[in-house]
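Visitor: Need coordinates for the below:
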Amino acid sequence: MVSPRRILVVTVVHHPDDARIRHRQVASLLEAGWEVTLAAPFGGHGVERPVGVPGLRTVDVTRSTGRRRMAAQRDARRVLRELGPRHDVVLLHDPELVPTTLGISLPVTVWDVHEDTRAVVALRSWVPDRLRGPLASVASALERSAERRMVLILADEEYADRFAREHLVVPNTTPVPADPPPAGTPDEQGRLRVVYLGSLARERGVAELVAVGEQLHRRTGGRAVLEVVGPAHGAAVTAQLEAARQQGHLEWTGFLPAREALGRLDGALAGLSLLHDVANFRPSMPTKVVEYIAHAVPVVTTPLPRAVDLVERSAAGVVVPFHDVEQTVETLLAWVEDPATAAALGREGHALAARELDWGVHSRAFVAAMDRLADAPR
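Guide: All right, here's what the predicted structure looks like:
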């Protein structure tokens, strides 16, 4: 009997229930018969480790956050040293894990490049201004080092220009439901829901979301509500959202597991992506936009190039200027008065998502790549 292939998946930054890691990659590997060890900061995020999942073993590691990162790196290095050699492949999901592998005898090691490592330095509020330039240079050096020593997979084809060689692109697509409910379906209270799904930070448009929520609530008399789903980053952002929630201007759930979060999209009137014009966002496809159209929800997005391309090709929404709360609200109010138009836009987006963006298709390339790596000579 052939032994199952085994993979060690490690993150010290991401939530253990991260959609890309847990619900796309790990789930696909388990379905393909792999044995998966998931090392993630369960305790640091306050979640229980899953039990009873066939083929899945979990390990709790220290969470890396803000300036408190060295303990997490030491813990990850311990896990890699102890568990890595027992697996056929090691899959890393954080750039800071790249240097932790130095000097450790490991099987083939893969780094999943989630974002523009250099550009993201500018978004970290905990990085002092005087260190942003030097740390950006360190990030570039880290990418060059990783390409020499590891196999890379890229979350977006736009990242390819940063590397010397060609690498597999595993895009942030999503499972596409076959027949989602139409956009603009009232909830149990008879309200129309506008949804934001994703992490929350200043550069992700939190101030605009709060303003949109207030105007939507006031101008519809509560007939439409903004529902915000996702974790907040930073005390100031948390305070903004909590104040708006207490005033009744929006509903904020905080983090939800991926399946529950995606379930909140079904029947929504619209999905918002009000990201700012920052370097890390320009080359990337916002995952939330993909998830909205996959669930037949029309999109209101700022004019980041990849989002514009998807919305225009799919005819699934509206592009508004950066920071333009008024135009965003006017678009939503038009759909509040005419939900059938929102539903028609949602159907257009869903059709494109089913053709091009279904994780059920892209997952096959990912699993096949891991199979090849597991079978390669060490």
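Visitor: And the contacts of the strand or helix carrying Ala342?
Guide: Assigned by DSSP states H and E, Ala342 falls within helix 339-356. Outside of helix 339-356, the residues that reach it under the criterion C-beta atoms under 8 Å, 6 or more residues apart in numbering are 174, 176, 178, 180, 182-184, 192, 269-270, 290, 292-299, 310, 313-317, 334-335. (C-beta placed from N, C-alpha, C; glycine too.)
Visitor: Now, those residues that are in helices?
Guide: Residues from these lying in helices, with DSSP state H as the criterion: 290, 292-294, 310, 313-314, 334-335.
Visitor: Those residues, buried ones only, as a PyMOL selection?
Guide: A single PyMOL command selects the buried members of the ones in helices among the contacts of helix 339-356 (16 or more other C-beta atoms under 10 Å):
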select buried, resi 290+292+293+294+310+314+335
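Visitor: pLDDT (mean, whole number) over whichever strand or helix holds Glu143?
Guide: Taking DSSP H and E as the definition, Glu143 sits inside helix 129-149. This predicted structure assigns helix 129-149 an average pLDDT of 67.
Visitor: try stretch 61-68
Guide: Over the span of stretch 61-68, the pLDDT mean works out to 80.
Visitor: pLDDT below threshold where in the stretch 1-150 of the chain?
Guide: Along the stretch 1-150 of the chain, the model assigns pLDDT under 70 to residues 1-2, 66-68, 116-140.
Visitor: What segments of it are strands?
Guide: 6-10, 35-40, 56-60, 89-92, 108-113 (DSSP state E, counting those that start in this stretch).
Visitor: So in that sheet, which strands flank the fourth one, and in what orientation?
Guide: When you say that, I think you mean strand 89-92. When sheet partners are counted by DSSP bridges, strand 89-92 sits next to strand 6-10 (parallel), strand 108-113 (parallel).
Visitor: Next one, pLDDT for Thr331 please.
Guide: 98.
Visitor: The closest residue in space to Val308 that isn't next to it in sequence and Ala235: what is the separation?
Guide: Taking C-beta to C-beta, 6 or more residues apart in numbering as the measure, Val308 lies nearest to Val319, with 5.5 Å between them; neighbours along the chain are not counted. Per C-beta to C-beta, to the nearest Å, Val319 is found 32 Å from Ala235.
Visitor: Neighbour count: those two, which is higher?
Guide: Ranked by neighbour count (other C-beta atoms under 10 Å), Val319 and Ala235 place Val319 first, with 17 against 9.
Visitor: Quick one: residues contacting the more buried one.
Guide: Under the criterion of C-beta under 8 Å, 6+ apart, the contact list for Val319 reads 301-303, 307-308, 311-312.
Visitor: One more: Ala160?
Guide: Residues in contact with Ala160 (C-beta under 8 Å, 6+ apart) are 154, 166-167, 169.
Visitor: Just the ones of those in helices?
Guide: Judged by DSSP H, helices contain none of the contacts of Ala160.
Visitor: export those residues to TSV and tack on neighbour count?
Guide: Formatted as TSV, the entries for the contacts of Ala160 read as follows, by neighbours: other C-beta atoms under 10 Å:
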residue	neighbour count
Leu154	20
Glu166	9
His167	17
Val169	17
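Visitor: Among the residues you listed, which one lies nearest to Ser105?
Guide: Of all the contacts of Ala160, His167 has the smallest distance to Ser105: 23.8 Å, by C-beta to C-beta.
Visitor: per-residue confidence at the closest one?
Guide: At His167 the predicted local distance difference test score is 88.
Visitor: So which of the strands of the stretch 1-150 of the chain is nearest Gly205?
Guide: Nearest to Gly205 among the strands of the stretch 1-150 of the chain is strand 108-113; the distance by C-beta to C-beta comes to 24.2 Å.
Visitor: export that closest one as CSV, just CAs?
Guide: Output for strand 108-113, consisting of C-alpha atoms alone and laid out as CSV, is shown next (Å, rounded to 0.1, in the frame of the first residue of the first chain):
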residue,chain,number,x,y,z
VAL,A,108,11.4,20.6,-0.7
THR,A,109,10.1,23.9,0.7
VAL,A,110,7.6,26.2,-1.0
TRP,A,111,6.8,29.9,-0.2
ASP,A,112,3.3,31.0,-1.1
VAL,A,113,3.8,34.7,-2.0
